[in-house]
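[1] following is a predicted model, sequence given first.
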Amino acid sequence: MAGDVQETVWRVGLTAFKGPLWKHREFLKFWTADTVTQFTGQFTDLALPTVAVLTLQVTAFQLGVLNALGFIAFPTLGLFVGVWMDRMKRRPVMVIANLVQVATLASVPVAYVLGVLGLYQLYAVALIMGTTTLFFDVAYQSYLPSLVNKEDVVEGNQKLQTSASGAQVIGPSLASALMQVTGAALSFIVDVFGTLVAAFMLLSISKHEPSPASSSKESKRDFFAEMREGIRTITGNSLLWTQAGCTATSNLGSNIFFVAVFLYAYRVLGISKGVIGIAFSMGAVGFLLGVLVTSAVTRRLGLGRTIALSISGNFALLIVLLANGSLAVFVIGAALFLSSFGIPIYNINQVSLRQIITPNRLQGRMNATMRTIVWGTIPVGSLLGGIFATSFGIIPTLIIGSLVSGGAILWIVLGPIFKLTKQPEPAKEEAPPPTG
């Protein structure tokens, strides 16, 4: 039996590295840019809360505010950005966002060296990074269907998720080791250079990006009418609305959990910044395995059941409560491994589903509306995590976050997605509504 499992994983792993997109030169540039930033971004993801907790000695509430600022742009600006992304070319937006991030990230090590790094600067960094990430991500997800053929969208998402998983396996351990040597603030430099490289890779893409609908009739359309059309794309489609509810609930719970887990690791268990990355690398191994088996699991179980099973893995976060003594970092790693295994399986299937069933002219508004909903719960979860950890304690907060995140499965099993056995037919391009 074990041999059959190993053979299946090996075969699926090889399949993940095949496909027509290996010959798609422009996609390879896009994929390379994504791979670089996925890897170097791991340094910032680990360094930012570490600087806050260990260098600036923030309170639980202040850490919650810091995390919330990184995502507050999604519920406040997301719908506007969606309309803009359907009115302009998306690749230049990604390049500009990367360049702004380079300057923002570079400010942290500079301020640290000058001895002026403070909490309000970290707040500003989190806010700017979150805002530029909003622009980048909406453009990024809307750009892929115009870069590759519709039938290659799933393969493209799988390759992008493979990069994310590989970065998460290697990145946290290297980031942790670097923080031990240079300190957390100086490790931001790695992401500065990585983001700059990614910007140049995106600039090198030569495939013509289709211009957005910008005829004289289209340009006279009301901005808020277009926004409402994007909202109706989600609220008027039961598949998209169920996805939104499930992902938003999962994000709410997981961000309650992750505010507490850093405090739990550093202040309760006494894990050092030099080894904390081991736990996140173990979690990333689960993420990588999830990427490799996504196609096989989906074929075996069907689309709906696969999505339901993958989101239920968040209940495994409860395992962190067993952490103790010298093995604490490995127990946390095991919890992250099991929960992370389902993340790429869920993401690849649900992101591909919404990209496939949405016409290209609505991709920007659909993705932005979806991001507004599903990432809008992240700052709420972060603030609640800080409040709960202050009011109830760190351990009760870990329990609440795990249960809420895992409970997102109810959206799937009680909704229409659970009945799907495979991806539906691609959406037909439709003419925009007449101007008023």
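    Noted; the coordinates are in hand.

[2] what strand or helix carries Thr338?
    That one is not Thr; residue 338 is Leu. Secondary structure from DSSP states H and E places Leu338 in helix 328-356.

[3] counting by contacts, list what that helix packs against.
    helix 119-147, helix 153-182, helix 238-263, helix 276-301, helix 303-312, helix 363-374 (3 or more C-beta pairs under 8 Å, 6 or more residues apart in numbering; DSSP states H and E). Heads up, the C-betas are built off the backbone N, CA and C, glycines and all.

[4] could you dump those into CSV and include mean pLDDT and distance to Pro92?
    Listed next are these as CSV, based on pLDDT from 0 to 100; distance: least, C-beta to C-beta, whole Å:
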stretch, mean pLDDT, distance to Pro92
helix 119-147, 87, 9
helix 153-182, 79, 20
helix 238-263, 92, 27
helix 276-301, 86, 30
helix 303-312, 92, 34
helix 363-374, 79, 14
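
[5] average pLDDT for the helix holding Leu338, rounded please.
    Helix 328-356 shows a mean pLDDT of 89 in the predicted model.

[6] check which residues of it are buried.
    Using 16 or more other C-beta atoms under 10 Å as the test for burial, helix 328-356 gives 328-329, 331-356.

[7] residues near the residue lying closest to Val351 once chain neighbours are set aside, how many?
    Take Val351 and drop its neighbours on the chain: the residue closest to it by C-beta to C-beta, 6 or more residues apart in numbering is Asn157, 5.6 Å away. Asn157 has 22 neighbouring residues, counting by other C-beta atoms under 10 Å.

[8] please list all residues in contact with Asn157.
    Shown in contact with Asn157 (C-beta atoms under 8 Å, 6 or more residues apart in numbering): 144, 347-348, 351-352, 355.

[9] before we move on, what about His24?
    His24 touches 148, 152, counting by C-beta under 8 Å, 6+ apart.

[10] where's it relative to Gln355, distance?
    Between His24 and Gln355 the computed distance is 17 Å (C-beta to C-beta, to the nearest Å).

[11] next one: Gly333
    32 Å.

[12] ok, now Leu383?
    31 Å.

[13] for Ser142, same thing?
    Taking C-beta to C-beta, one finds Ser142 at 9 Å from Gln355.

[14] what touches both of the two?
    Residues touching both Ser142 and Gln355 by C-beta under 8 Å, 6+ apart: Gln363.

[15] shouldn't Gly313 be in contact with Ser339?
    Yes - assessed by C-beta atoms under 8 Å, Gly313 is found in contact with Ser339 at 5.0 Å.

[16] what is the burial count for Leu414?
    Neighbours of Leu414 using other C-beta under 10 Å come to 11.

[17] Gly274 too?
    13.

[18] surely Thr195 and Asp34 touch.
    No - contact criterion C-beta under 8 Å: Thr195 and Asp34 do not qualify, at 11.5 Å.

[19] what about those two, which has more around it?
    Neighbour count, other C-beta under 10 Å: between Thr195 and Asp34, Thr195 has more, with 26 against 21.

[20] got the contact list for the more buried one?
    Thr195 sits in contact with 37, 40-41, 98, 101-102, 105, where contact means C-beta under 8 Å, 6+ apart.

[21] roughly how far apart are it and Leu160?
    17 Å.

[22] ditto for Asn255
    Per C-beta to C-beta, Asn255 is found 23 Å from Leu160.

[23] more neighbours: these two, which one.
    Taking neighbours as other C-beta under 10 Å, Asn255 and Leu160 compare with Asn255 leading, 28 against 24.

[24] next up, the contacts around the more buried one.
    Counting by C-beta under 8 Å, 6+ apart, the residues that Asn255 touches are 67, 377-382, 385, 401.

[25] make it 7 Å
    Applying C-beta atoms under 7 Å, 6 or more residues apart in numbering, we find Asn255 in contact with 67, 378, 381-382, 385.

[26] again with Tyr140
    Under the criterion of C-beta under 7 Å, 6+ apart, the contact list for Tyr140 reads Met94.

[27] ok, back up a step: going by distance to Gly406, which of the contacts of Asn255 wins?
    Nearest to Gly406 out of those is Gly381 (C-beta to C-beta; 13.9 Å).

[28] helices or strands next to the helix or strand hosting that closest one in the packing?
    Assigned by DSSP H and E, Gly381 falls within helix 377-391. Secondary-structure packing of helix 377-391 (3 or more C-beta pairs under 7 Å, 6 or more residues apart in numbering; DSSP states H and E): helix 60-69, helix 238-263, helix 394-406.

[29] ok and the second one relative to helix 303-312, angle-wise?
    For helix 238-263 and helix 303-312, the angle between their directions (axes from the mean of the first three to the mean of the last three C-alpha atoms, to 10 degrees) works out to 20 degrees.

[30] what about helix 238-263, distance to the chain center?
    11 Å (C-alpha atoms, centre = their mean, to the nearest Å).

[31] quick one: buried residues of that helix?
    For helix 238-263, a neighbour-count test (16+ other C-beta under 10 Å) marks 239-263 as buried.

[32] just say helix, strand or coil for Arg87.
    Local secondary structure at Arg87 is given as coil here, using DSSP: H, G, I helix; E, B strand; the rest coil.

[33] how close does it sit to Gly194?
    According to C-beta to C-beta, Arg87 and Gly194 sit 30 Å apart.
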